[in-house]
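1. sequence unknown, structure follows:
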């Protein structure tokens, strides 16, 4: 791999995971500041190289590469400032790339550094030179996303948005990125999304469920990312990735076990762009569907010397779904019998079906929690909630034990798709500098839905799945009272048939105030987001939430339950902030949050929003502009993921 993506391999070149344990530092909270020495053979091979001195500690951590941190017993070679040496680009006698050559002037200086290995002298550069070069040559990684869905190829919710956007952001920062997801074939027009993916002709056999299962791989290179799709007949059926109109597929454990096994094989066997990703990968495993990857690395591969340099990070998007099946199914997973404890799970007595039920089960998500090197959730608030009795769904105690490696990173959004200034789905484009198109979108939405055209009437919207988590019961309870106000209410979603029928019935009762669109339609979701004044999200729990981010981006004010990512991303309006005046200038906040999760508290928050819209136009405009000008890109999240990845490689594999 002759590109800058090889830079992670330049640090600590002579260290190898098979080195004796005495040469590795196994403590977690230690700063690694070694002074490297190079074997004589390597020095001879790189006699014309120029050495640079780069600080061994940045932002509180070591500049560790994918090889991980190294500690040497002989610390007498450390300089006063504990610096680590990095070779310039050279090829050793064995044909391995060991460094990068910096541009040299005629005087023999390189970025202010003089000397080479022939003289045995190295002059330290000044600090500014070091910092400038570090900014240009950050560590890069081979990153493998494993996910059950990735937009635009497959999507049921926020998981697909994350796995469709974050890989592109990381690839744009210089990392080599692969996304592995099933190749779903539903027999509909949606199958055309995979039309550009090419069969690699590299099937592999994986052993699980009592025999060898053959899976194929399709590949598309797009926006700097290798999109790899696992092909198997079990992924070819009508419905969504998890079920159809009859309910959840009964063989989901089999299907996603195949995905995990195939994902572990792909970096080893697929020559993407002419070369494989190899064993030194960072696996980002998303939710329970990919959780078996972390267990497989520890139980199936590392005992035989494979993936010793790999790390895995579990990303929890929704802890309510854990991949729990009867304990007897463990023998189908292709794991050694002595690793049962990693996935073993026992339901509490009250959750068992009958008196003779022992409650024994296997839990995929639990397996990843106890074997992954790091754990990430999709917001800071959710990373705390899942360690509580109420939010952990039975896994809170295990997560508390691993709290030291648990982090929360708030999602970004695709600001190209969700941009009111260029959105092709809405009636009129607008921006924070010119809001005139917002009211045109509202009028167009009212006409489309058959509501009275009233630009001055506050319009409330809801977009999301129709299930208990999204707070639909709370909306049902509040609608009779809310409809007494001079408002319009629009809902878009599908899910529980009971809620779908309720939406239809409510529309017939409040013909001039309420509209319910059963189903999900992307263009309509854009038009509702742009046309409404208020977006309501009374979710019982919300790991991150994206609709509130879309709403703020479009100048629609969110009213949300104070939970998870909603609490992290929506700041309650404060008209009395320091420096504010009667016109609302210099006020703070982007919406309203409410707690506890009751009808009364939700109606109070909605009341504040409606009153502000009706009586304080300047304050409302300030709310809109503050929300629209926030940074919603994935760049900030990608930077934080890079830090988590760096920490993962600083320590030896957890399992």
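-> Everything's here; your move. Keep in mind that this is a model prediction, so the values were computed, not measured.
2. contacts, neighbours, all on C-alpha from now
-> Will do.
3. Name the helix or strand for the spatially most central residue of the chain, please.
-> The centroid of the chain falls nearest to residue 162 when counting by C-alpha atoms, centre = their mean (4.9 Å). Assigned by DSSP states H and E, residue 162 belongs to helix 158-172.
4. Would you mark the buried spots in that helix?
-> For helix 158-172, burial by neighbour count (16 or more other C-alpha atoms under 10 Å) applies to 158-172.
5. List phi and psi for residue 517.
-> phi -100, psi 100 (degrees, to the nearest 10).
6. What does the pLDDT read for the spatially closest residue to it that is not a sequence neighbour?
-> Using C-alpha to C-alpha, 6 or more residues apart in numbering and skipping the chain neighbours, the partner closest in space to residue 517 is residue 492 (4.7 Å). Note on residue 492: pLDDT of 95.
7. Same question for residue 508.
-> pLDDT at residue 508 comes out at 94.
8. Bridged to residue 536, which residues?
-> Assessed by DSSP bridges, residue 536 has beta-bridge partners residue 559.
9. quick one: contacts for residue 552?
-> 558, 590, 624, 627, 628 (C-alpha atoms under 8 Å, 6 or more residues apart in numbering).
10. and it, what element?
-> helix 547-553.
11. tally of neighbours for residue 416?
-> Counted with other C-alpha atoms under 10 Å, residues neighbouring residue 416 total 11.
12. what separates it from residue 148, distance-wise?
-> 24 Å (C-alpha to C-alpha, to the nearest Å).
13. that older thread, closest one to residue 648 out of the buried residues of helix 158-172, please.
-> Relative to residue 648, the closest of those is residue 170; by C-alpha to C-alpha it sits at 16.4 Å.
14. The closest one touches residue 178, doesn't it?
-> No - using C-alpha atoms under 8 Å, residue 170 makes no contact with residue 178, being 10.4 Å away.
15. Identify the contacts common to those two.
-> Joint contacts of residue 170 and residue 178 (C-alpha under 8 Å, 6+ apart) do not exist.
16. for the residue nearest to residue 517, which residues make a bridge with it?
-> If you apply DSSP bridges, the partners that residue 492 bridges to are residue 463, residue 517.
17. isn't it right next to residue 519, touching?
-> Yes - if you go by C-alpha under 8 Å, residue 492 and residue 519 touch, sitting 6.8 Å apart.
18. Which of these two has more residues huddled nearby?
-> More neighbours surround residue 492 than the other of residue 492 and residue 519, with 22 against 13 (other C-alpha under 10 Å).
19. residue boundaries of the helices in the stretch 151-300 of the chain?
-> Ranges of helices within the stretch 151-300 of the chain are 158-172, 252-269, 287-290, 292-296, based on DSSP state H, counting those that start in this stretch.
20. Out of the ones you listed, which is closest to residue 618?
-> Taking C-alpha to C-alpha, helix 158-172 is the member of those nearest to residue 618, at 33.4 Å.
21. mean confidence score for that closest one?
-> pLDDT averaged over helix 158-172 gives 94.
22. Sheet partners, orientation included, of the strand ranked longest in the chain?
-> Taking DSSP state E as the assignment, the strand of the chain that covers the most residues is strand 211-222. Next to strand 211-222 in the sheet, as set by DSSP bridges, lie strand 198-199 (antiparallel), strand 204-208 (antiparallel), strand 225-231 (antiparallel).
23. would you turn these into JSON lines with mean pLDDT?
-> Below are the strands paired with strand 211-222 laid out as JSON lines (pLDDT from 0 to 100):
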{"stretch": "strand 198-199", "mean pLDDT": "97"}
{"stretch": "strand 204-208", "mean pLDDT": "97"}
{"stretch": "strand 225-231", "mean pLDDT": "98"}
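24. of all the ones you listed, which gets the most neighbours per residue?
-> Ranked by mean neighbour count under mean count of other C-alpha atoms under 10 Å, these are led by strand 225-231, which reaches a mean of 23.
25. which residues sit against it?
-> 167-168, 171, 176-184, 215-221, 259, 262, 272.
26. mind running it again at 6 Å?
-> With contact meaning C-alpha atoms under 6 Å, 6 or more residues apart in numbering, strand 225-231 is reached by 177-183, 215-220.
27. Please report how far residue 254 lies from residue 356.
-> Going from residue 254 to residue 356 by C-alpha to C-alpha gives 27 Å.
28. Neighbour count: these two, which is higher?
-> Higher neighbour count among residue 254 and residue 356: residue 254, with 15 against 7, using other C-alpha under 10 Å.
29. ok, for that one, nearest residue in space, not its chain neighbours?
-> Nearest non-adjacent residue to residue 254 (C-alpha to C-alpha, 6+ apart): residue 209, at 7.4 Å.
30. ditto for residue 231
-> Closest to residue 231 by C-alpha to C-alpha, 6+ apart is residue 216, at 4.8 Å.
31. List the contacts of that neighbour.
-> Residue 216 touches 203, 230, 231, counting by C-alpha under 6 Å, 6+ apart.
32. now the helices for the stretch 451-600 of the chain?
-> Assigned helices in the stretch 451-600 of the chain, in chain order: 472-482, 497-509, 522-531, 547-553, 564-569, 599-615 (criterion: DSSP H, counting those that start in this stretch).
33. Which among these is found nearest to residue 290?
-> helix 564-569 (22.6 Å).
34. Identify the residues contacting stretch 140-154?
-> Residues contacting stretch 140-154 (C-alpha under 6 Å, 6+ apart): 5, 8, 155, 160-161, 163-164, 175-181, 193, 281-286, 290.
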